[in-house]
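Fold the following, please.
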Amino acid sequence: MTAHPAPGSLAWLRQEEHDLYAFASASAVADGFGWLDPRGEVVADRPTETWICARMTHVFALADLRGEPRAGRLADHGVRALASGPLRDAEHGGWHEAVPGDPASQDHDQRARKGAYPHTFVVLAAASATVAGRPGARELLKQALGVIEEHFWDEEAGALRESWDRSWNSTEDYRGANSNMHAVEAFLAAADATGDHRWTRRALRIAQRLVHGVAREHGWRLPEHFTPGWQALPDYNRDRPDHPFRPFGSTTGHLLEWSRLLLHLAVALEEAGEAVPAWLHTDARALFDHAAERGWAADGSDGFPYTLDWSDTPVVRERMHWVVAEATMAAWTLGHRLGTTKRAGLYDRWWHYAARYHVDTDHGGWHHELDPEGRPADGVWSGKPDTYHAYQAVLLPQGVLAPSVAGGLLPTTIPGRTP
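All right, here's what the predicted structure looks like:
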């Protein structure tokens, strides 16, 4: 009998990488990349959305770096869609949330916001495509960073504004940790692609505010919703706790994601020749250890409940695929950078859980949401919208720890970066 590779092993990761790429390849539509249903078919009655298009462009740029067939063409398709397609606002600049005028875009058109969240993913997509050497990517990255610079970056706060109306006249009366967390990822990728470490320093300022400031002061639980003056709003969305982007309470997956990003940031500062604050390491440990202890099986069943209240009681018990993906990435990153056998054990445990419950061996891709008993669910997320978290999770342990995932796939091209 042929032994199957253990989940999380290099052989297993490589096979899952191929499978995820094959599944994701069906997402291409005329104006970018669409939302996939549980069987891997584009959902016809959903508009093409900027955040999905950008995340998938990033995925295909990574796949191109890995030598996947046709991945370069798919990455180029995404770059073109973001640079000159209907997602880009040719009149006012920046990017719409979704293709305007699409019959499926009615709800998006009514809101007509330009959010920091999708714009950070445009930066990430352009940066990864730039590292991959895709045509037009560097120009797209310059455009996207210009929009961030002009409209979203708040120099006084050291963080991003959340959103604007279409013509950039009024900004939202809200500030969010989620978009700023993804700005850290995007800024590190931009610095990796361009060598401009102004973005590394800005990533540090965001992390210092939200992690070394807010999370540390709240016992390593991170309130994610704030006033424009950055006063925490701990009861925000208490009446809608399962919001997919702005849930009530503490989001364990984000604590794990932050712990990983702090160490990517430490590497970026080293490569920039700048001092690495000691708190990047200590805070990364604290976030990870508290998230693992409080979050895993918090309701008595394996898996990470989506959210906890401020007393660590589960609020939304559904298990999201992106949380366990980020958990494995954080465990690998902390083990690689800081070294502990305890985290290595968690890495194996969480990969076995993901392989057993989230990986869909029938239709491909990962189940994005499970109920507390481990069965596919769709209360928060329907279908399998994108492969961003899962694909990064299978790639990261196969590369080196670098400021960005894309940069970590090119260890021989950057001085001082070794396998």
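
and the protein, what are its domains?
Each domain of the chain is listed here as a residue range: 26-162, 173-373, per automatic domain parsing.

what would these look like in a markdown table with mean neighbour count, mean pLDDT and distance to residue 383?
Yep, even glycine has a C-beta here, placed from its N, CA and C like the rest. Converted to a markdown table, the domains of the chain look like this (neighbours: other C-beta atoms under 10 Å; pLDDT from 0 to 100; distance: least, C-beta to C-beta, whole Å):
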| stretch | mean neighbour count | mean pLDDT | distance to residue 383 |
| --- | --- | --- | --- |
| domain 26-162 | 21 | 94 | 4 |
| domain 173-373 | 20 | 97 | 7 |
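
Same list (those) but as CSV, adding distance to residue 400.
Output for the domains of the chain, formatted as CSV (distance: least, C-beta to C-beta, whole Å):
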stretch, distance to residue 400
domain 26-162, 13
domain 173-373, 9
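
Out of those, which gets nearest to residue 388?
domain 26-162 (4.1 Å; C-beta to C-beta).

what's the span of that closest one from first residue to last?
Start-to-end span of domain 26-162 (C-alpha to C-alpha, to the nearest Å) is 32 Å.

all helices for the stretch 301-419 of the chain, in order.
In the stretch 301-419 of the chain, the helices defined using DSSP state H, counting those that start in this stretch lie at 321-337, 341-353, 388-395, 405-408.

Quick check: buried residues in the shortest one?
Under the neighbour-count criterion of 16 or more other C-beta atoms under 10 Å, helix 405-408 has 405, 406, 407, 408 buried.

longest strand in the protein, by residue count?
strand 314-320 (DSSP state E).

who wins for proximity to residue 251 among the helices of the stretch 301-419 of the chain?
Per C-beta to C-beta, nearest to residue 251 of the helices of the stretch 301-419 of the chain: helix 321-337, 8.2 Å.

tell me the contacts of residue 266?
Counting by C-beta atoms under 8 Å, 6 or more residues apart in numbering, residue 266 touches 276, 280, 281, 337.

Can you tell me the element it falls in?
In this assignment (DSSP states H and E), residue 266 forms part of helix 252-271.

which other helices and strands contact the helix or strand that comes right after that helix?
Next along the chain after helix 252-271, taking DSSP H and E as the criterion, comes helix 279-295. Counting contacts by 3 or more C-beta pairs under 8 Å, 6 or more residues apart in numbering; DSSP states H and E, helix 279-295 packs against helix 252-271, strand 305-308, helix 321-337.

contacting residues around helix 279-295?
Applying C-beta under 8 Å, 6+ apart, the external contacts of helix 279-295 come out as 207, 211-212, 215-216, 219-221, 252, 255-256, 258-260, 262-263, 265-266, 269, 304-305, 308, 312, 327, 330-331, 334, 337-338, 343, 346.

So what's the gap between it and the chain middle?
Taking C-alpha atoms, centre = their mean, to the nearest Å, one finds the center of helix 279-295 at 18 Å from the center of the full chain.

send the alpha carbons of it over as PDB?
Output in PDB follows, covering the C-alpha atoms of helix 279-295 (Å, rounded to 0.1, in the frame of the first residue of the first chain):
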ATOM      1  CA  TRP A 279       8.600  44.200  20.500                       C
ATOM      2  CA  LEU A 280       8.000  42.800  17.000                       C
ATOM      3  CA  HIS A 281       9.300  39.400  18.400                       C
ATOM      4  CA  THR A 282       7.700  39.600  21.800                       C
ATOM      5  CA  ASP A 283       4.300  40.800  20.500                       C
ATOM      6  CA  ALA A 284       4.300  38.100  17.800                       C
ATOM      7  CA  ARG A 285       4.800  35.400  20.400                       C
ATOM      8  CA  ALA A 286       2.100  36.900  22.700                       C
ATOM      9  CA  LEU A 287      -0.400  37.200  19.900                       C
ATOM     10  CA  PHE A 288       0.200  33.700  18.700                       C
ATOM     11  CA  ASP A 289       0.200  32.000  22.100                       C
ATOM     12  CA  HIS A 290      -2.900  33.800  23.400                       C
ATOM     13  CA  ALA A 291      -4.800  33.100  20.100                       C
ATOM     14  CA  ALA A 292      -3.900  29.500  20.100                       C
ATOM     15  CA  GLU A 293      -4.800  29.000  23.800                       C
ATOM     16  CA  ARG A 294      -8.000  31.000  23.700                       C
ATOM     17  CA  GLY A 295      -9.200  30.300  20.200                       C
END
